[in-house]
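Enquirer: Any chance you can model this:
(3 chains)
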Amino acid sequence: MTEELAGAIGSGPPGPDVLLEVRGLRTHFHVMDGTVPAVDGVDFRILRGRTLGVVGESGCGKSVTALTIMRLIDTPPGEIVAGEIWFDGRDLLRLSDEEMRKVRGNDIAMIFQEPMTSLNPVFTIGDQIAEAVRLHKRVSQREALNRAIETLSLVGIPLPERRVRQYPHEMSGGMRQRVMIAMALSCDPKLLIADEPTTALDVTIQAQILELIKEIQQRTGTALLLITHDLGVVAETVQDVAVMYAGKVVERGKVDQVLLDPKHPYTEGLLTSIPSHVARGQRLNVIKGTVPNPFRMPTGCRFEPRCPYAFEPCRSFEPPLELPYPASAADAGRLAACWRHVAADRRPGPSATSHVGFAVSQRIGS
Amino acid sequence: MSPEMPADMSGLGANGRGSAVTPGSPASTTAAGRPLVEVRDLVKYYPIMGGILRRHVGDVRAVDGVSFDIAHGEVLGLVGESGCGKTTLGRTILYLQQPTSGQVLVDGQDLGKASAAELRRLRAKIQIIFQDPYGSLNPRMPVLDIIGEGLVAQGVSSAKIRNKQVEDALETVGLRREYSRRYPHEFSGGQRQRIGIARALVLKPDFVVCDEAVSALDVSIQSQILNLLLDLRREFGFAYLFIAHNLSVIEYVSDRVGVMYLGKLVELGDIETLYGDPRHPYTIALLSAIPDADPRVRRKRLVLKGDVPSPAAPPSGCRFHTRCWLREKLGNPERCVVEEPLLAPFAPGHTVACHYADQVSASSAAEAAAAQSAVETAVADVG
Amino acid sequence: MATDGQAAAPVAAAADRGADSDVEVALESLGQWQLAWRRFKRHRLAMAGLAIFLLMIVVAIVGPIVAPYNPLNIPNSKIPGGEPPSLTHLFGTDDVGRDVFTMVINGARISLAIGGFSMLIAGFVGVAVGAISGYAGGIVDNVLMRVVDVLFAIPFLFVILVAARFFGQGQVIPLVLIFGLLSWPLIARLVRAQYLSLREADFVEAARAVGVGNMRITFRHILPNALGPVIVAMTLIMAGNIVLEAFVSFLNFGISPDQISWGNALSNAQPALSLGNWWWAFFPGMAIALTVIAINFVGDGLRDALDPRSHL
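Expert: Prediction:
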């Protein structure tokens, strides 16, 4: 199991099968009223050719994590305070700006949520894809355009020879998102980061795009980091998942492990508050309260104020992200940051277990 | 727990989907007489002006002949993709937008025939909850005034009575009474949505349009607001027109569901029928597209091809024929292109607008999905 | 829910709906204006501008009372004019021995009055016209906006000079009216544009949905939200009109020579160019420049402070 756990900070590059490993990442924003710890201790890894979903609600830091990996954080107000981002054997945080530019778009490509604003309205899409190609590859304009046509047909755009001469406004939202994906794929990236790629799209178009992303991932073997708030999208699209809450990864593992048998109360709360999982007429489960104020983060576990299971150590001590205890064979490789899943003798303070859970609070709630 | 609330949840079913309601048929009436809301052949076109002379060159047919009823205390869900006209429909029913033609009757009173003053008075009965918890509250007004505006407009002139009612409403939606003096920017998205709900319920309406009321919220907040909306319905007997694009949410809250495509209602039925035995190919595709958070559910998705056509130039005949998988499976019959299918009764409480509704079944959809994936792989390989 | 039978329900309901009360972070309750002030205070240049501006106003009000000399009296002819700045005459004296410091102090009154009051007139007329135009729409809107177009199209300076000569008569009040009545179209256009975008806002739709009438929507829902940009534009108009007064007076079309404004003081100082006693023109000019810059900084700060979207 140990090879599945993220290495400690300063322990050098991870093994060759690891494409991306994020260790202890902290990205803070210095604003007028103080410091917002948007990303405050994020660890995860993606093996070559695998797919990882990062889920969490708005403000949990998932998008900032992606932007930090791309080193697209504006400084100031942002600051990457600590951590390591090992990509393909190199720590991205130690690269020069020039080196990082070569990585961006070439080795790591990104798709954004809003396909409308991500494309430049005054250039044809062919020109835009060709430009992306020529930024990284020494090819002629002619070859670059051919590459654009090739990738457009790869993402299922009919008549790509005609489409390359069109402008973004001539296309629908779903088409534009396909163009974005084509552009991202044009340089054969090793890692594709998709930040809420289907949130702005309709259900039927979302289905098209998700199928496309999955299919392309399988065909090209690129690794995928999918950022979303939708557990359904995660369940259907990726192999591994990391759940983020208030700037931290609170649970990680294979999709089946995390979504079928959540160990962290937040994951459990998210899953049980989805309407499709509750019979009609029953009350939906609710995670009480709201996310913590970023200026006044709880001292212990950040989920403690909203957690139905919270007990003694949760208020004052941050739980470590580790293999949940007791672990069965099915738990291999998964991690959770919850004191309930730490052996009693390793918990700080007097040990006690709460017996109040979601099921009980639900009954009280009705 | 309030004494009025039944100890178990069965009360909800009795109130909501009881025998008093005969869903589906346009002539459905309640025991008390006629339905609460009757929508008759409602049409809303937006003119497109073009050329230098700004002449009328066409119309965006946002809503194009929609009819349905909503009974007292009933929740009618309305689904469809963006641009299908569901939001326009909600606004037009409330006469926030003047319909191009058609009728809306509330408690038998024709909103189109009401004078401006009468309409303003009637607005107390018909309310709306908006999608955007940020844009829908006036940022320069304290909560007291935001919620109290309706009371002022409805002639509650005593500030003291108003304040009391506003604070009661705040408490009902789960906020503190003291919040009435605060401004919208001091609240989170979920709290703002509660304020928007309080603004509607303070007028004691009979009918509330929820226009994507939970779509902008995070899952954990969404469930809080859904619970609140259903609680309010139980307490005050509201009827809702629940507009959403999220089919799981619609399934959870609705008694009946209408599916819209390009300005038309293509299928209408009660919840079990529509989710259990859908008959319109579009409904089936929509249902198939919902991503499920349960990784064990690995069904074959039925993916629709292409995009939604523009409502300014809808396809001839059946508006769905350009994307219809069933038509393809049936060998592209000409009828779909030429003849527009009408929303016709298919079974009791179930109306469908498809010429071939009887050929649709879960198995045919599954076959189509399988066939489609085979074709797609072939196409992709060629590409 | 106000019926007696259900009086107990809301309390229980609120508890079980479990809103955010139990874990909610204490929010400071600040009004809109308090919040704007808080944001404004963070803007250092704006705060400096405000300080200078307030100082100018104080000078304008109490200055003439405490000024060391009479600004207009030409002193005993035995005292030579054109003295450079000294302890007795901080800003020096003009060619006939009048104290320039006293002139600057006295000039503040008329210059600020013309800038300030013309701004208020422009604001009042502009907001009224813009709001009526937006509220009424149709023909009224069309007519009013064509008037605005015409006012924008005419050569502004020429009209000002002609109007100042024929109606101004060197007096303050006519000049205030002329300046004010010529600078409102900017505000009117701004208000109307704001109206058109805010008319589509959800909160306006929400107000209509609860039965609020058009009049109240215009003045209670739309106007307060349109005021931020209007206030900013008004500061620019005030600054512009202070400069304009100086310009018009410099050309001897403005304030009559028996009154003191900064423009007048500058106009009087025209011989300084040839005489070389720079202080005569420098200090009134500095007063104008400093005030205008200060007002512009204040406008900048207000722009940020009044935007409800900007962060705390």
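
Enquirer: Report the secondary structure state of the residue nearest the centre of chain B.
Expert: For chain B, B:I243 is the residue whose C-alpha lies nearest the centre (Cα atoms, centre = their mean; 2.3 Å). Look at B:I243: counting by DSSP: H, G, I helix; E, B strand; the rest coil, its state is strand.

Enquirer: Could you give the bridge partners of it?
Expert: Going by DSSP bridges, B:I243 is paired in beta bridges with B:L78, B:D211.

Enquirer: Show the contacting residues for the nearest residue to B:S82 once chain neighbours are set aside.
Expert: Excluding the flanking residues, the one nearest B:S82 by Cβ to Cβ, 6 or more residues apart in numbering or on different chains is A:D202, at 5.5 Å. The C-beta positions use only the backbone N, C-alpha and C, and glycine is treated the same way. For A:D202, the contacting residues are A:173-174, B:81-82, B:245, B:308, by Cβ atoms under 8 Å, 6 or more residues apart in numbering or on different chains.

Enquirer: how does it look with 10 Å?
Expert: Contacts for A:D202 (Cβ atoms under 10 Å, 6 or more residues apart in numbering or on different chains) come out as A:172-174, A:208, B:80-84, B:245, B:286, B:289, B:304, B:307-308.

Enquirer: and if you look at C:W184?
Expert: Neighbouring residues of C:W184 by Cβ under 10 Å, 6+ apart: C:118-119, C:121-130, C:148, C:151, C:191, C:237.

Enquirer: Can you tell me the element the residue nearest the centre of chain C falls in?
Expert: Taking Cα atoms, centre = their mean as the criterion, C:T235 is the residue nearest the geometric centre of chain C, at 3.4 Å. Element membership for C:T235 (DSSP states H and E) is helix C:223-250.

Enquirer: now swap in B:D41 and tell me
Expert: strand B:37-50.

Enquirer: Name the nearest residue to A:R71, sequence neighbours excluded.
Expert: Excluding its sequence neighbours, the residue lying closest to A:R71 (Cβ to Cβ, 6+ apart) is A:M100, at 5.1 Å.

Enquirer: check contacts around the one you found.
Expert: A:M100 neighbours (Cβ under 10 Å, 6+ apart): A:70-72, A:92-94, A:108.

Enquirer: Pick out the most distant pair among these.
Expert: Among these, the pair separated by the greatest distance (Cβ to Cβ) is A:L72 and A:R94, at 16.7 Å.

Enquirer: Which one of these two is surrounded by more residues?
Expert: The neighbour count for A:L72 versus A:R94, taken as other Cβ atoms under 10 Å in any protein chain shown, is higher for A:L72 (13 against 10).

Enquirer: how far away is the more buried one from chain B?
Expert: To chain B, A:L72 is 24 Å away according to Cβ to the nearest Cβ, to the nearest Å.

Enquirer: one step back: of the contacts of A:D202, keep whichever come out buried.
Expert: Buried residues within the contacts of A:D202, counting neighbours by 16 or more other Cβ atoms under 10 Å in any protein chain shown: A:172-174, A:208, B:80-81, B:83-84, B:245, B:286, B:289, B:304, B:307-308.

Enquirer: Straight-line length of stretch B:306-319, end to end?
Expert: Terminal residues of stretch B:306-319 lie 13 Å apart, using Cα to Cα, to the nearest Å.

Enquirer: any bit of that stretch sitting next to chain A?
Expert: Yes - Stretch B:306-319 reaches chain A (Cβ under 10 Å from any Cβ of the partner chain) through B:306-310.

Enquirer: circling back to that earlier point, quickly find the element holding the residue nearest to A:R71.
Expert: Using DSSP H and E, A:M100 falls within helix A:97-103.

Enquirer: any idea which helix or strand comes after that helix?
Expert: strand A:108-111.

Enquirer: just to revisit the earlier point, okay if I get the residues of stretch B:306-319 next to chain A as CSV plus pLDDT and distance to chain C?
Expert: Converted to CSV, the residues of stretch B:306-319 next to chain A look like this (pLDDT from 0 to 100; distance: Cβ to the nearest Cβ, whole Å):
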residue, pLDDT, distance to chain C
B:G306, 76, 31
B:D307, 77, 26
B:V308, 80, 23
B:P309, 84, 26
B:S310, 83, 22
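
Enquirer: how about those, which pair is most distant?
Expert: The widest separation within these (Cβ to Cβ) is 12.2 Å, between B:G306 and B:S310.

Enquirer: tell me, what's touching those two both at once?
Expert: A:S172.

Enquirer: Do stretch B:136-146 and chain C come into contact?
Expert: Yes - counting by Cβ under 10 Å from any Cβ, chain C is contacted by stretch B:136-146 at B:136-142, B:145-146.

Enquirer: among those, which two are most distant?
Expert: Spatially, the most separated pair among the residues of stretch B:136-146 next to chain C is B:S136 and B:P142, at 15.5 Å (Cβ to Cβ).

Enquirer: Neighbour count for these two, which is higher?
Expert: Ranked by neighbour count (other Cβ under 10 Å), B:S136 and B:P142 place B:S136 first, with 27 against 19.

Enquirer: name the element the more buried one belongs to?
Expert: Using DSSP H and E, B:S136 is not contained in any helix or strand.
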